[in-house]
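Peer 1: 3D model of this:
(one chain, ligands or ions: 2)
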Amino acid sequence: MPTYSQTYRASVDDPERFWLGAAAAIDWDSAPRRALDDSNAPFYRWFPDGQLNTCVNAVDRHVAAGRGDQAALIYDSAMTGVQRTYTYAELQERVARFAGVLVAQGVTRGDRVVIYLPMIPEAVVAMLACARIGAIHSVVFGGFAAKELAARITDAAPKLVITTSGGLEPGRTIEYLPIVASALEIAGTQGIAAVIVKNRPQIPGTAQDFAGHDIPWLDWDELTAAAEPADPVPVAATDPLYILYTSGTTGKPKGVVRDNGGHAVALEWSMRHIYDIGPGQVMWTASDVGWVVGHSYIVYGPLLVGATTVLYEGKPVGTPDAGAFWRVINDHGVQALFTAPTALRAIRKVDPESTELDKYDISTLDNLFVAGERLDPNTYDWISSVLHRPVIDHWWQTETGWPVCANPRGIEHLPIKPGSPSVPVPGYRLLVLDDQGVPAPTGEEGNIVLALPLPPGTLTTLWHDDDRYVRSYLSAYDGYYLTGDSGYIDAEGYVYVLGRSDDVINVAGHRLSTGGIEAVLAGHPAVAECAVIGVHDELKGQRPSGYVVLKAGADITPDELRGELVQKVRSEIGAVASLQEVTVVAALPKTRSGKILRKTMRQIVAGEEFSTPSTIEDPAVLETLAETIGRGRE
Ligand code: COA
Ligand code: AMP
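Peer 2: Ligands and ions are numbered 1, 2, ... in the order given. Below is the predicted model of the structure:
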């Protein structure tokens, strides 16, 4: 077996050979003869002459190989008590039939389909059905409110919207249909042929309730019962498979575009080499299909290698208790679990002695993988001592689609260093640069960048916005992709990711834009200006904290204003934004050119030393702010 170092060297010394080799694990309708097309740099394309179908690779080929009876998908709903296993043959049948529904609705190759579904099997079926016919799916996380959904519908311009009567959150139901109706009112229905609704008996609302609207609302079950299964359509490796919107530094989400070929090759490779999971093994990623982690490691990754994936509808705690994760491992023989540190902190808070764990047999578990936010050494120590298994921190982003840094368990068991997601994954050339673009000395913090071209499976552009792609990621340093994270590399080549250097925050593993929250606050009639910053949170890693300046003569108490702003953020972005704190301040500290000094504000809130920037417009504002915040802390 080659070592990590050998594998890494092979990937960067001869990427062409390395990735064509990896591509052999994929079934192609027309096998690629070349790996990289750099003729239109910086818009690199992988496997330019390859043709394939991602759904065939994720489903049909396993049935054809005689493993139709093997479990492909295990749906485990802690919210309803339902457990249901779908074999590869059943999944194929369902996906082909739903692909037939899409075709009957006029969806063809290249059309977009917006999927707004919670963690139910239909989400996976809908995604794979799009892939089957070459349509481009765009899944929107169920925790987003109407306005966010509308922004994504406007940008993706879908032919269809697929949704459900609702989702289940602890203690309440989320009715999706009014949210979709309101999003369509904002976005308009132009070009949309229909809304397809999966009715869930637990939640009121059916397609018929919206019969009066200007486009048809159709019932998932009725359509599938009448549909003819659709055959897979070969697509170009470079054709988009999906668009996934993620938070940027402004309120406008970025539509990350993923291709078919590079994605299939990279994810298949990552399953074996990073997660050490192959055919017939069980992987459970406790995330949501609305995030990249869900796309890559609930849906595509495990299925591409013919493993079994667990789709868990529930929480780490409270559904019904802090033993939920251990119960799922026990029930389904999970070998690899992937979750966010916040979920582990939630379990520890409720069950610090891990007494729940004693009730279950988790002997199948080989590795726990965590990502989504920094794994603090405290949480690492606790969970390692509880599980007695390797806890593998790994770092990546929506844009990269698969891990950038990891301890690649299928290649070599490298030593684990708490606080570090280990080393660059083969294919990625990672550097830490200072603001002038000079590589930072070992151990010194700087901007984490990746040398171009990025490996297969990473974003190819932003949907219909090549300029923004270049502006956002490629313009800071010539020849490098800017990750937006800062960190350092130690003497042994281990990478430490310290946090974002932009205005993106991570709240309970959910990526949010402070700019987006600010836009909502600024829309309140009493607010003259505002700033939102991310502050440390014991459970969620970070939480947003808002600072607002009132308009002259605004007749509202700080408590009333806070209540209204919290509600406004919940209804315009969604409950996941978790804005609870709003402080009214006399003024915001700014530079002479009008830029709000958010970094200095973050330092003040964290109680850290801060220096007054030389560009400050009025130093007195900073002093008053520090006093107000200091009083709040007392
Ligand atoms: N649909 C609708 N609402 C949702 C939702 C969804 N899919 N997901 C979360 N929400 C709501 C919650 O109900 C909650 O509402 P409330 O304010 O009325 O209680 C709010 O959004 C905040 O939710 P969350 O951030 O999940 O916090 P929480 O306190 O409910 O739970 C954890 C905390 C740690 C248990 C939970 O955040 C968790 O499991 N996190 C893991 C995150 C994850 O997997 N991220 C993916 C990256 S790997
Ligand atoms: P997302 O695009 O939602 O996956 O969020 C990506 C961002 O989450 C990264 O840019 C990091 O800021 C953060 N992140 C993800 N994984 C880790 C990790 N293992 N350690 C530190 N930060 C992480």
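
Peer 1: what comes up buried for the longest helix seen in the chain?
Peer 2: Counting by DSSP state H, the longest helix found in the chain is helix 88-104. Using 16 or more other Cβ atoms under 10 Å as the test for burial, helix 88-104 gives 88-103. Yep, even glycine has a C-beta here, placed from its N, CA and C like the rest.

Peer 1: CA atoms of that helix as CSV?
Peer 2: C-alpha atoms of helix 88-104 as CSV (Å, rounded to 0.1, in the frame of the first residue of the first chain):
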residue,chain,number,x,y,z
TYR,A,88,-30.4,-0.9,-4.4
ALA,A,89,-33.0,-2.6,-6.6
GLU,A,90,-35.8,-0.7,-4.8
LEU,A,91,-34.0,2.6,-5.0
GLN,A,92,-33.4,2.1,-8.7
GLU,A,93,-37.1,1.4,-9.3
ARG,A,94,-38.1,4.5,-7.3
VAL,A,95,-35.6,6.8,-8.9
ALA,A,96,-36.4,5.6,-12.4
ARG,A,97,-40.1,6.1,-11.8
PHE,A,98,-39.6,9.6,-10.4
ALA,A,99,-37.3,10.4,-13.3
GLY,A,100,-40.3,9.4,-15.4
VAL,A,101,-42.4,12.0,-13.5
LEU,A,102,-39.8,14.7,-14.3
VAL,A,103,-39.8,13.8,-18.0
ALA,A,104,-43.6,13.8,-18.1
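
Peer 1: and after that helix, which helix or strand comes next?
Peer 2: Sequence order places strand 112-115 as the next helix or strand after helix 88-104, per DSSP states H and E.

Peer 1: parallel or antiparallel, list what pairs with that next one.
Peer 2: Here strand 112-115 is paired, per DSSP bridges, with strand 136-139 (parallel), strand 160-164 (parallel).

Peer 1: residues making contact with that strand?
Peer 2: Applying Cβ atoms under 8 Å, 6 or more residues apart in numbering, the contact partners of strand 112-115 are 102, 107, 123, 126-127, 130, 135-140, 149, 152-153, 156-163, 243.

Peer 1: average pLDDT across it?
Peer 2: Strand 112-115 shows an average pLDDT of 98 in the prediction.

Peer 1: how far off centre is that strand?
Peer 2: On the basis of Cα atoms, centre = their mean, to the nearest Å, strand 112-115 sits 17 Å off its chain's mean C-alpha point.

Peer 1: is ligand 1 contacted by it?
Peer 2: No. Strand 112-115 lies out of reach of ligand 1 by Cβ under 6 Å from any ligand atom, never closer than 13.3 Å.

Peer 1: quick check, residue 255 in a helix?
Peer 2: No. Looking at residue 255 with DSSP: H, G, I helix; E, B strand; the rest coil, it is strand, so not inside a helix.

Peer 1: that one contacts residue 463, correct?
Peer 2: Yes. Judged on Cβ atoms under 8 Å, residue 255 makes contact with residue 463 at a distance of 3.2 Å.

Peer 1: mind listing the shared neighbours of those two?
Peer 2: Common neighbours of residue 255 and residue 463 (criterion: Cβ under 8 Å, 6+ apart): 155-156, 243.

Peer 1: in helices, which of the residues you listed fall?
Peer 2: Per DSSP H, the shared contacts of residue 255 and residue 463 map to helices at 155-156.

Peer 1: need the strands paired with strand 112-115 in CSV (columns: mean pLDDT).
Peer 2: Output for the strands paired with strand 112-115, formatted as CSV (pLDDT from 0 to 100):
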stretch, mean pLDDT
strand 136-139, 98
strand 160-164, 98
